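# make a model of this:
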Amino acid sequence: MATVPRARDGETERLTAADLGVPLGERATLVEFSSRFCQPCRAVRLLLERAVATTDDVRLVDLDVAQHTGLGERFVVTSTPTVLVLDASGTVRARATGVPSLAQVRAALASLGA
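Prediction:
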């Protein structure tokens, strides 16, 4: 998983519970931008569900990019699946486009202390 570049204003991008429509995880949040007919998205969702099930206080949020076009544009989601790893405050700490490995997701969560 890649680290995330800074936003235009030099700050790190952040998502809030209001942006996502659900509370953030207490330690971390995994956000998957997916699309309805994306076969790799289903595989990534299962992988992320496994990571969340084995890590305390991590929430998974799946966003259909067609229904969340504003967030898709904000985070320059050009293909699905795209996964963002947020810390407890909602700051984006890592990003993957395509299918990350379970080890990569776990390493990203471990880097947050999650």
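# which residues sit in contact with His68?
The neighbourhood of His68, defined by C-beta atoms under 8 Å, 6 or more residues apart in numbering, consists of Phe33. Just so you know, the C-beta spots here come from the backbone N, C-alpha and C atoms, and that holds for glycine as well.
# distance of it relative to Asp62?
10 Å (C-beta to C-beta, to the nearest Å).
# please enumerate the shared neighbours of the two.
Counting by C-beta under 8 Å, 6+ apart, nothing touches both His68 and Asp62.
# show me where pLDDT drops low in this protein?
Low-confidence segments of the chain, defined by pLDDT under 70: 2-12, 114.
# how about the helices of it, start to end?
In the chain, the helices defined using DSSP state H lie at 17-20, 39-53, 69-74, 102-111.
# mind putting the ones you listed into TSV with distance to Glu26 and mean neighbour count?
As requested, those are arranged in TSV below (distance: least, C-beta to C-beta, whole Å; neighbours: other C-beta atoms under 10 Å):
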stretch	distance to Glu26	mean neighbour count
helix 17-20	12	14
helix 39-53	12	16
helix 69-74	22	13
helix 102-111	13	17
